[in-house]
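Student: Next input, structure requested:
(2 chains)
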Amino acid sequence: MFLNILRMECDKVFRRKLLWIGLVLAITPMVIAFVALLHISHTATALSYWLWPGGLTSALAFADGFSPGYGYSAYLLAVVVGVVTAQEYSWRTMQLWLSHGISRPMLFFAKIMLAFVTLLLVVFAFLLVGGVTSVVFSYQVHGGIDSNHLDIGQLFLSYIRTCYGILPYVGLTFLLVVLTRSSVIAITGSILFMLAIELPLTALVPLLGANFAHIAQYLPAGLAQSMNEQNYSAAHLTMPALISAGHPSTAIATICIAAYTSILLGCSLWVLQRQDLTN
Amino acid sequence: MNTEFVLQTQHLKKHFGSVHAVEDVSLGIRRAEVFGFLGPNGAGKTTTISMILGLTHPTSGEVQVFGERVTPEHNCALRRVGMMVGESALLLAFSARRNLQMLSYLYPDLPATRIDEVLEIVDLQTTRNLSVRKFSTGMKQRLGLALALLNKPDLLILDEPTNGMDPAGMQEVRTLLRSLAAQGTTIFLSSHLLHEMEQVCDRVAVIQRGQIIAQGQIADLLPKHDIVHIQTEKLDQTAQALKELVGAKQIKKETTFVEVQGVSSEQVVAFLVTRGLAPKEISINRPDLESVFLTLTRNIA
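Tutor: Numbers count the residues shown, from 1 in each chain, chains lettered A, B, ... in the order given. Reported below is the predicted structural model:
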């Protein structure tokens, strides 16, 4: 039954234009930034971020965020998860599925799994477009690409780390959707958290002293930065952080991201289980 | 709980804070029966249906479907149920066919032809690939009905299924419901259209302020005798004389006529002639479900 529900959820997400239009809108700024940054990069080190294979790491950084508040895929995920899930409340299809004997946890886990699959797809799209762009640039600059410098294993790990760093935002959007049953509030809430809470906190709190700076590192954006830093390190590049509050170790970040995601999704399921779905 | 019932609720209550939306609702619906659920707006119909469908947690009481308890945590019995509650639950971003396709994923044993079958039943074959956003209210209701029928349910729960449909569509739905019941499907039907309910239902329950105020076969709920209106110039004497007629009750003197219940028009005429009070005109007012419903709900209000 779970696979059947998953199939249904797949249709809801992938057969809509929303995701594909969103992907184009999210990736276009990255391509523009690649072009602009390539043209202002004059040293070999600076160029390496936009040429093959460094461009792949930069593309993942665009997905995850060069700094708090700049993770385009997190915005896109908030929009897709927010719209697709909240509309189930307003269109009352949530009631339809449940009244056909589907258990709430099963429907919830199918939705979560689909959100994770969407996350993997979105980040992959960033990686793919970033990769293609960097190949084009490499041909322009060097007349070819150096495939010896590409470590597929490390690239895969970087891809997984990037997706993993975005999970708390998926959890946050889910919680807001279930709590408010409104796509507008869920999307606005998630994006406001990234832009109006995390970004200023990460930028301003360190100014209050070392202890405060330490706390700011443990916000989801700080943890994602830690993953990002690991990606750069694996690609033998220095992370070009715009705003940096320092980052916890990858192991600590992994645990904290798991904790954030589990708590947010656990709360979402708890709320859903107790929800009355009268019109 | 009794196993003769396909759907049974016992002492079902739902309180939202100080608001008692449903207060002690006990119902029993038998196999292949068309059961009408009547009540004015805000009487507790939709809340009761939501509890039956495991969408709302009852404050107390129990729901059983096919002898199995249904709660929001345990709703397996609903696999054999088709539902359409209020405004149809549709994925507006998709076509009619895609809406049915998605629900069909939950029933992998359904034959591939079932989607076209239900589209034909509700007369949406020609618009099956059109986005549901472009559908009229009546078309959305038809699609909602198709979704309810898709899994060949043994129990069909419908709330205002003909809402927004044209008269021909309403007639088709009434015929469809009767034919489904004849094939063994149990139907729980909630509607404001009392004329429709009278035509389709075997039994009805009337809910008012969260409580069942009447329940039974429509014939049992209707008065056994017609209401007789007697037009006469001797209003006072006629009303006085009728008190002596055996069986006559609820004698009311209005401005131009006297109204009496419990006796036939022939009995009234024969009796008044013997008393020298021959009426100018006799008319019969046959009580229908609507008048019974209005009387019941006004009395409680």
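
Student: For stretch A:148-155, list the C-alpha coordinates in CSV.
Tutor: Provided in CSV are the C-alpha atoms of stretch A:148-155 (Å, rounded to 0.1, in the frame of the first residue of the first chain):
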residue,chain,number,x,y,z
ASN,A,148,41.4,13.6,-14.0
HIS,A,149,40.6,16.0,-11.2
LEU,A,150,37.1,14.8,-10.8
ASP,A,151,36.6,12.4,-7.9
ILE,A,152,33.2,10.9,-8.5
GLY,A,153,33.0,9.4,-5.0
GLN,A,154,33.7,12.7,-3.3
LEU,A,155,31.3,14.4,-5.6
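
Student: how about the worst-scoring helix or strand of chain A on mean pLDDT: buried residues?
Tutor: Within chain A, no helix or strand scores below helix A:210-216, which has a mean of 78 by mean pLDDT, DSSP states H and E. Of all the residues in helix A:210-216, those buried under the rule 16 or more other CB atoms under 10 Å in any protein chain shown are A:Ala213, A:Ala216. In this view, the C-beta of every residue, glycine as well, is placed from N, C-alpha and C.

Student: what's the following helix or strand past it packed up against?
Tutor: Going down the chain from helix A:210-216, the next helix or strand is helix A:220-234, by DSSP states H and E. Judged by 3 or more CB pairs under 8 Å, 6 or more residues apart in numbering or on different chains; DSSP states H and E, helix A:220-234 is in contact with helix A:54-64, helix A:152-180, helix A:199-204, helix A:250-274.

Student: Distance check, the nearest residue in space to A:Leu277 that is not next to it in sequence against B:Glu68.
Tutor: The shortest distance from A:Leu277 to any non-neighbouring residue, by CB to CB, 6 or more residues apart in numbering or on different chains, is to B:Leu55 (4.0 Å). In this view, B:Leu55 and B:Glu68 are 17 Å apart by CB to CB, to the nearest Å.

Student: same check, this time on B:Arg114
Tutor: 25 Å.

Student: between the two, who's got more neighbours?
Tutor: Ranked by neighbour count (other CB atoms under 10 Å in any protein chain shown), B:Arg114 and B:Glu68 place B:Arg114 first, with 17 against 14.

Student: just checking, that one touches B:Leu149?
Tutor: No - counting by CB atoms under 8 Å, B:Arg114 sits too far from B:Leu149 to count as a contact (9.1 Å).

Student: which residues does B:Asn129 contact?
Tutor: B:Ser95, B:Ala96, B:Arg97 (CB atoms under 8 Å, 6 or more residues apart in numbering or on different chains).

Student: who does the closest residue to B:Cys201 other than its chain neighbours bridge with?
Tutor: Using CB to CB, 6+ apart and skipping the chain neighbours, the partner closest in space to B:Cys201 is B:Gly36 (3.6 Å). Bridge pairing for B:Gly36 (DSSP bridges) gives the partners B:Leu189, B:Val204.

Student: burial of B:Gly36, as a residue count?
Tutor: There are 22 residues near B:Gly36, going by other CB under 10 Å.

Student: Verify the stated contact: it with B:Ile187.
Tutor: No - taking CB under 8 Å as the definition, B:Gly36 is not a contact partner of B:Ile187, at 9.1 Å.

Student: Can you tell me the element B:Leu272 falls in?
Tutor: B:Leu272 belongs to helix B:265-274, assigned by DSSP H and E.

Student: Who are the packing partners of that helix?
Tutor: strand B:227-231, helix B:235-242, strand B:281-285.

Student: follow-up on the earlier one: packed most tightly, which of the helices and strands packed on helix A:220-234 would that be?
Tutor: Comparing those by mean neighbour count (mean count of other CB atoms under 10 Å in any protein chain shown), helix A:54-64 ranks first with a mean of 26.

Student: so where is the chain shaky, pLDDT-wise?
Tutor: I'll assume chain A. Counting by pLDDT under 70, the ranges of chain A that qualify are A:65-70, A:240-246, A:279.

Student: ah, no, chain B please
Tutor: Ranges of chain B meeting pLDDT under 70: B:1-3, B:224, B:299-301.

Student: Please tell me how far the closest residue to chain A within the stretch 101-250 of chain B sits from A:Arg92.
Tutor: At 4.4 Å from chain A, B:Tyr105 is the closest residue in the stretch 101-250 of chain B, using CB to the nearest CB. Remark: distance between B:Tyr105 and A:Arg92 (CB to CB) = 18 Å.

Student: Pretty sure the residue nearest to A:Leu277 sits against B:Pro72.
Tutor: Yes - in this structure B:Leu55 lies within contact range of B:Pro72 using CB under 8 Å: 6.8 Å.

Student: Could you tell me which residues touch both of these two?
Tutor: A:Leu98.

Student: who has more neighbours, those two?
Tutor: Set B:Leu55 next to B:Pro72 and count neighbours by other CB under 10 Å: B:Leu55 wins out with 26 against 22.

Student: list the contacts for the more buried one?
Tutor: Contacts of B:Leu55 (CB under 8 Å, 6+ apart): A:Gln95, A:Leu98, A:Ser99, A:Asp276, A:Leu277, A:Thr278, B:Pro72.

Student: next one: B:Thr56
Tutor: Neighbours of B:Thr56 in contact, by CB under 8 Å, 6+ apart: A:Asp276, A:Leu277, A:Thr278, B:Lys14, B:Thr47, B:Ser50, B:Pro72.

Student: and it, that's in a strand?
Tutor: No - per DSSP: H, G, I helix; E, B strand; the rest coil, B:Thr56 lies outside any strand segment and is coil.

Student: From B:Val22, how far off is it?
Tutor: Taking CB to CB, one finds B:Thr56 at 9 Å from B:Val22.

Student: which residues are in contact with both of the two?
Tutor: With CB under 8 Å, 6+ apart, B:Thr56 and B:Val22 have common neighbours B:Lys14, B:Thr47.

Student: Next, give phi and psi for residue 106.
Tutor: No chain in the question, so chain A it is. Backbone torsions of A:Met106, given as degrees, to the nearest 10, read phi -70, psi -40.

Student: should've been chain B
Tutor: Torsion angles, degrees, to the nearest 10, at B:Leu106: phi -80, psi -10.

Student: Please check the contacts of B:Asn129 and keep the buried ones.
Tutor: By 16+ other CB under 10 Å, the contacts of B:Asn129 give B:Ser95, B:Ala96, B:Arg97 as buried.

Student: Mind putting those residues into TSV with distance to chain A?
Tutor: Below are these laid out as TSV (distance: CB to the nearest CB, whole Å):
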residue	distance to chain A
B:Ser95	10
B:Ala96	14
B:Arg97	12
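
Student: Spell out which parts of the stretch 151-279 of chain A neighbour chain B.
Tutor: A:Gln273, A:Arg274, A:Asp276, A:Leu277, A:Thr278, A:Asn279 (CB under 8 Å from any CB of the partner chain).

Student: So A:Leu18 lies in a helix, does it not?
Tutor: Yes - according to three-state DSSP, A:Leu18 belongs to a helix.

Student: list the contacts for B:Phe35?
Tutor: So B:Phe35 contacts B:Leu7, B:Leu27, B:Ile29, B:Thr186, B:Ile187, B:Phe188, B:Leu189, B:Cys201, B:Asp202, B:Arg203, B:Val204, B:Ala205 (CB under 8 Å, 6+ apart).

Student: phi, psi of the nearest residue to it once chain neighbours are set aside?
Tutor: Once flanking residues are discounted, B:Phe35 sits nearest to B:Ile29: 4.5 Å by CB to CB, 6+ apart. Dihedral pair for B:Ile29: phi -120, psi 130, per degrees, to the nearest 10.
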